[in-house]
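[1] Fold the following.
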Amino acid sequence: MKSFRVPLTFVALLLALLASATQARDLLEVKPAAEGFSAERLARIDGYMEQAVKDGVMVGGQGLIARNGNIVYNEAWGDRDGEKNLPMEEDTIHRIYSMSKPITGVALMILYEEGKFLLNEPVAKYLPELANLQVALSTADGGVTAVSDGTQSSSSGEGDTAAVGKTRAPARQPTIRDLMTHTAGFTYGVFGDTEVDKLYRESRILQHPDLTDFVTKLGKIPLQYEPGTRWHYSVSVDVQGALVERLAGMSFGKFLETRLFKPLGMEDTSFVVPKRKLKRLAQLYTQEGTPGEMGTAFRTRVNSSKLVPAPAGVSAGYMEGATFEGGGGGLVSTTSDYLKFCQMMLNGGELNGTRILSPNTVALMSRDHLGEIQMGFARAGVGFGLDFAVVEDAGLAGESGSDGEYNWGGAAGTRFWIDPKENVIGIFMVQSIPHRTTLASHFKTLVYQAMETSRD
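    Got it, this is the predicted structure:
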């Protein structure tokens, strides 16, 4: 009797396919009661969000809750495109804006674990374009302080006007940890109107063709603040993307795809939406009367609450042909993809047998690094880790949740949180920019009021 031999190449292919299927496996959906949630109370979320759609507060949105690795709630409301009457669906693709930041931070920490850098090393050691940065006297020494919405205020308007155009050397150059905690001294250019903000807008700092050109131009603009002294929301996470490129020797997008998205099965997360997937991309909305130029839009309040489609140019960076891979806000994703990322973090760096980070590194990222430095956005009880906000005291924060939660959100109203104490993940998606509602906060409140068992 002849023995049957299977070619080794076939065996290897079969094993690879099985491994891929395991890595991409979605979390299971279970009845809410199985994980300590009340189905009746979860229904309050639907009522609230459906009313928000009727009232025109949002055109459409999604909410997802997972506990102990199981999905207990996954619903969509309204339309992903109101003008075309296309409903919001579970696989709708969203611009996640600053929810890109934690993903970028994880990518950088993969290289940290490989010994490529140390957190307290100067950024310029690896990005010499940022060597010898100066600091603007008008902002660093002119009495400008960060206020609740990330902009600046000063007893002399926008800093010391007599010092405009003057710079000095900082006490030290920014470190990689400064980048990851928003204390490097950079800004964004769209929230405030300081001398440095204006230079960012004039340079169109986030509209360069690639990350190398971006850091080259950034290196010629003074810092707004002394490194390590203030938390100020900034382009520092885009600098992290450039750092990944330099350390890994490949494009940032390729690194994310090969080291994070593919291993986790995040099939719809990318910088550019392929044409075949465009029908799943949610329409982006804005308040009627909002300036089409985002650098102005974020600093302009409009009276109308009516939502209208945002100018097509706002989404140009997500279309095929776009080349800038912005780690600070350039990704699109789905709720199911982002859940895989969050579950990996909640699991201590591993998902479905694929380890991305060690538990120790996850713990390092999700603990406060600010110390005595006050985080911006007037968030009492909240500190900041490495590309995540960290709830130090939920009572002071004044929002449902737990001490030790880490989270962030995006400019179009998206938000996520990871609650290690309760083993809960919450994800909320909506698409209007600049976002002016409290929908994400209400979603979170409604999630916790439906939790009937707690680990307290």
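
[2] if I pick the nearest residue to Ile65 once chain neighbours are set aside, what's in contact with it?
    Nearest non-adjacent residue to Ile65, counting by CB to CB, 6 or more residues apart in numbering: Tyr73, 4.1 Å away. C-beta coordinates here come from the backbone N, C-alpha and C atoms, glycine included. If you count contacts by CB atoms under 8 Å, 6 or more residues apart in numbering, Tyr73 has them with Pro32, Phe37, Leu42, Ile45, Gly63, Leu64, Ile65, Val447.

[3] which of those residues lies closest to Leu346?
    Distance to Leu346 across the contacts of Tyr73 (CB to CB) is lowest for Ile65, with 12.8 Å.

[4] Near that closest one, how many residues? Count them for me, please.
    If you count neighbours by other CB atoms under 10 Å, Ile65 ends up with 28.

[5] What residues are recorded as beta-bridge partners of it?
    Beta-bridge partners for Ile65, by DSSP bridges, are Tyr73, Gly426.

[6] thinking it is in contact with Glu75, fair?
    No - contact criterion CB atoms under 8 Å: Ile65 and Glu75 do not qualify, at 9.4 Å.

[7] which residues are in contact with both of those two?
    Contacts common to Ile65 and Glu75, judged by CB under 8 Å, 6+ apart, are absent.

[8] Kindly provide the distance from the residue nearest to Ile65 to Val30.
    Note on Tyr73: its distance to Val30, by CB to CB, to the nearest Å, is 10 Å.

[9] Asp403 too?
    Distance from Asp403 to Val30, counting by CB to CB: 27 Å.

[10] Next: Pro420.
    Separation of Pro420 from Val30 (CB to CB) stands at 20 Å.

[11] same deal with Leu446?
    Using CB to CB, Leu446 is found at 19 Å from Val30.

[12] ok, those two, which is more surrounded?
    Leu446 (23 against 16).

[13] Do a quick rundown of the helices in the stretch 151-300 of the chain.
    Taking DSSP state H, counting those that start in this stretch as the criterion, the stretch 151-300 of the chain carries its helices at 176-181, 195-203, 211-218, 236-248, 252-256, 262-264, 294-297.

[14] Make JSON lines out of those helices and add mean neighbour count.
    As requested, the helices of the stretch 151-300 of the chain are exported to JSON lines (neighbours: other CB atoms under 10 Å):
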{"stretch": "helix 176-181", "mean neighbour count": "24"}
{"stretch": "helix 195-203", "mean neighbour count": "19"}
{"stretch": "helix 211-218", "mean neighbour count": "20"}
{"stretch": "helix 236-248", "mean neighbour count": "25"}
{"stretch": "helix 252-256", "mean neighbour count": "21"}
{"stretch": "helix 262-264", "mean neighbour count": "19"}
{"stretch": "helix 294-297", "mean neighbour count": "18"}
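
[15] So which of those is nearest Phe271?
    Closest to Phe271 of the helices of the stretch 151-300 of the chain, according to CB to CB: helix 252-256, at 5.4 Å.

[16] before we move on, back to that, Serialize the helices of the stretch 151-300 of the chain to a markdown table and add fields for distance to Leu133 and mean pLDDT.
    Shown next, in a markdown table, are the helices of the stretch 151-300 of the chain (distance: least, CB to CB, whole Å; pLDDT from 0 to 100):
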| stretch | distance to Leu133 | mean pLDDT |
| --- | --- | --- |
| helix 176-181 | 11 | 98 |
| helix 195-203 | 12 | 95 |
| helix 211-218 | 9 | 97 |
| helix 236-248 | 11 | 98 |
| helix 252-256 | 22 | 98 |
| helix 262-264 | 35 | 98 |
| helix 294-297 | 22 | 73 |
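
[17] In strands, which of the contacts of Tyr73 fall?
    Gly63, Leu64, Ile65 (DSSP state E).

[18] now, among those residues, which is nearest to Gly82?
    Within those, the smallest distance to Gly82 is 18.4 Å, found for Gly63 (CB to CB).

[19] Phe428 is in contact with the closest one, correct?
    Yes - applying CB under 8 Å as the test, Gly63 and Phe428 come out as touching, 5.4 Å apart.

[20] Overlap in contacts, the two.
    Phe443.

[21] Based on its surroundings, how many neighbours for Gln224?
    Using other CB under 10 Å, Gln224 has 30 neighbouring residues.

[22] can you pull the contacts of it?
    Applying CB under 8 Å, 6+ apart, we find Gln224 in contact with Val135, Ala136, Thr139, Ala140, Val144, Gly185, Phe186, Thr187, Thr194, Val196, Asp197, His232.

[23] Where does pLDDT dip in this protein?
    Residue ranges of the chain with pLDDT under 70: 1-25, 143-162, 294-295, 378, 456.

[24] let's see 90
    1-27, 141-165, 190-192, 289-305, 376-379, 454-456 (pLDDT under 90).

[25] So which residue is smack in the middle of it?
    Met99 (1.7 Å; CA atoms, centre = their mean).

[26] Name the SS class of that residue, please.
    Secondary structure, DSSP: H, G, I helix; E, B strand; the rest coil: Met99 is helix.

[27] burial count for the nearest residue to it once chain neighbours are set aside?
    Distance criterion CB to CB, 6+ apart; nearest residue to Met99, sequence neighbours excluded, is Gly410 at 4.5 Å. Neighbourhood size, Gly410 [other CB under 10 Å]: 26.

[28] Correct me if wrong: Gly410 contacts Gly329.
    Yes - taking contacts as CB under 8 Å, Gly410 lies within contact range of Gly329: 7.1 Å.

[29] shared neighbours of the two, anything?
    Residues touching both Gly410 and Gly329 (CB under 8 Å, 6+ apart) are Tyr97, Ser98, Ser100.

[30] Can you give me every residue that contacts the closest residue to the last one other than its chain neighbours?
    With CB to CB, 6+ apart as the measure, Leu331 is the residue that lies nearest to Ser100, at 4.0 Å, once sequence neighbours are left out. Contact analysis of Leu331 by CB under 8 Å, 6+ apart lists Arg95, Ile96, Met99, Ser100, Ile103, Thr269, Ser270, Phe271.

[31] so how far is Glu114 from the fifth one?
    The gap separating Ile103 from Glu114 is 18 Å, by CB to CB.

[32] One more: the fourth one?
    Note on Ser100: its distance to Glu114, by CB to CB, is 22 Å.
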